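Colleague: The following block contains a protein sequence and its predicted model.
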Amino acid sequence: MAFVEQLGILSVTPGMVAMWAIALTLLYLAIAKEHEPLLLLPIGFGILLANLPLTGLMTPEEGLLWRFYRYGVEWQVIPPLVFLGLGAHTDFGPLLSQPRLVFLGAAAQGGVYLTFFAAQAFGFSLEEAAAIGIIGGADGPTTIFLAAQLAPHLLGACAVAAYSYMALVPIIQPPIMRLLTTEQERAIRMKKGRKVTAREKLLFPIAATLVIILLVPASAPLIGMFMLGNLFRESKVVERLAETARDALMNIVTIFLGVSVGATMSADNFLRSDVIFIFVLGLVAFAVSTACGLVLAKLMNLVTNDKINPLVGAAGVSAVPMAARVVHKMGAEADKKNYLLMFAMGPNLAGVIGTVIAAGIFLSMLGG
Amino acid sequence: MSPAVNVFVSGLAGVFAGIGLLYLMMKLLARLGEKAPRRASSAD
């Protein structure tokens, strides 16, 4: 009889079955549709594992997945390591060649703060509202980093919302871009930026680390690792480290990140009415961020002769490089010979930095 | 000022201040990055 009592199938609850359906949906999107498969696949499988009965995988101090989450995410180890890999991947040349485009990355944080304000007005605590607002930055690791510290019970919902909207950039952004720009504006051809020297690229990660961390110390884990990875790349003397950071290490931490986030999504945590609200507010945040970038680009055109194609403002949300690709595609629809990809990469990278600064400010003002 | 308004205003101001400093730093780097013109030696 003892064996029968230990059968998992007898302990299955309707909530668990509902979570299996969500897990299978994410696995389907990852495998069949290839939407953000590197994250949605391990997240989906993590959800499945965490919602199987009697496994003890998320039992505090004992469970395997609990340990992954505790020491990887809660202790702020994995998101900064993802940033190390991102830094080793990133070429800041497009941003350095057109520094003025950096402001578009700041404007796109407007959605983060407006949604923060809206969420707290709807009854979420300030910490929860910050975790929801940061979804608008469309930066997965930053969302996880912030939510794990300010609202761990919302981590799963915020992370899945962020990655879902990143995957849906080609669907969400174009209608907003069409609404806020004219055909003529979308066809604006931008002047090529100046050539960036290797010395500038080398000095950038060191100088940016000093400037940003001195202003917002709480952003240090993410910015520090981001710029270290970039210094690996630009120094040209530690190619082995750069390669490891962008390939092997990145892959390893992505596995642990995805599974850990998925494991936080138990039926008790996820099947709540406010989770639907989080998805709606996250979408609003993302849409407003896109709009803020577009509008600032149009405003900048009022005071400059060297016109900016307003579409590149939409790349101020992070979602690298998806948002930049969407900008390029939209520009090419208006003028086949308009090549906007490299111009859009500037605000795209500025958006990553802007979102990290926004997260650091939330942490310094609301963190314990 | 309510805590939410405080976070909202300080947050937006902080992001623009950070990005503004980054902009100034990039302008400075552009100057440093340019090759310094070679000085003509007395032998020239």
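Modeller: Arrived safely, thanks for sending.
Colleague: Close to chain A: what parts of chain B are there?
Modeller: B:3-8, B:10-12, B:14-23, B:25-30, B:32-35 (CB under 8 Å from any CB of the partner chain). All C-beta spots, glycine's among them, are computed from the backbone N, C-alpha and C.
Colleague: After the lowest-mean-pLDDT helix or strand in chain A, which helix or strand is next? Please name it.
Modeller: Counting by mean pLDDT, DSSP states H and E, the weakest-scoring helix or strand in chain A turns out to be helix A:2-5, with a mean of 74. Downstream of helix A:2-5, the next assigned helix or strand under DSSP states H and E is helix A:14-31.
Colleague: Please state the offset of that next one from the chain centre?
Modeller: Taking the mean C-alpha point of helix A:14-31 and that of its whole chain, the gap between them comes to 22 Å (CA atoms, centre = their mean, to the nearest Å).
Colleague: Ignoring the adjacent residues along the chain, who's closest to the residue of the stretch 151-300 of chain A found nearest chain B?
Modeller: Proximity of the stretch 151-300 of chain A to chain B (CB to the nearest CB) peaks at residue A:200, 3.4 Å away. Spatially, and ignoring its direct neighbours in sequence, residue A:200 is nearest to residue B:33 (3.4 Å; CB to CB, 6 or more residues apart in numbering or on different chains).
Colleague: Let me know how buried that neighbour is, in neighbour terms.
Modeller: Counted by other CB atoms under 10 Å in any protein chain shown, the residues lying close to residue B:33 total 20.
Colleague: show me the contacts for the residue of the stretch 151-300 of chain A closest to chain B.
Modeller: Residues in contact with residue A:200, defined by CB atoms under 8 Å, 6 or more residues apart in numbering or on different chains, are A:96, B:29-30, B:32-33.
Colleague: Show me what the helix or strand containing residue A:104 is in contact with.
Modeller: If you go by DSSP H and E, residue A:104 is part of helix A:102-107. For helix A:102-107, contacts defined as CB under 8 Å, 6+ apart pick out A:95, A:292-293, A:295-297, A:300, A:312-313, A:315-316, A:346-354, B:15-16, B:18-20, B:22-23, B:26.
Colleague: Mind checking which of these are in helices?
Modeller: The helices, defined by DSSP state H, take in A:95, A:292-293, A:295-297, A:300, A:346-354, B:15-16, B:18-20, B:22-23, B:26 from the contacts of helix A:102-107.
Colleague: what's near enough to touch residue A:176?
Modeller: Contacts of residue A:176 (CB under 8 Å, 6+ apart): A:287, A:290-291, A:294, A:314.
Colleague: Tell me the most packed of these, by neighbour count.
Modeller: Of those, with other CB under 10 Å as the count, residue A:314 tops at 33 neighbours.
Colleague: gap between that one and chain B?
Modeller: 17 Å (CB to the nearest CB, to the nearest Å).
Colleague: So what does the nearest residue to that residue once chain neighbours are set aside have for phi and psi?
Modeller: Computed as CB to CB, 6+ apart, the closest residue to residue A:314 that is not its neighbour in sequence is residue A:290, at 4.9 Å. Phi and psi for residue A:290, reported as degrees, to the nearest 10, are phi -60, psi -50.
Colleague: Does residue A:290 touch residue A:319 like I think?
Modeller: No: counting by CB atoms under 8 Å, residue A:290 does not reach residue A:319; the two are 9.8 Å apart.
Colleague: Spit out the contact partners of residue 4.
Modeller: This is for chain A. Counted by CB under 8 Å, 6+ apart, residue A:4 has contacts residue A:10.
Colleague: that's the other chain; I wanted chain B
Modeller: Contacts of residue B:4 by CB under 8 Å, 6+ apart are A:116-117, A:120-121, A:126, A:129.
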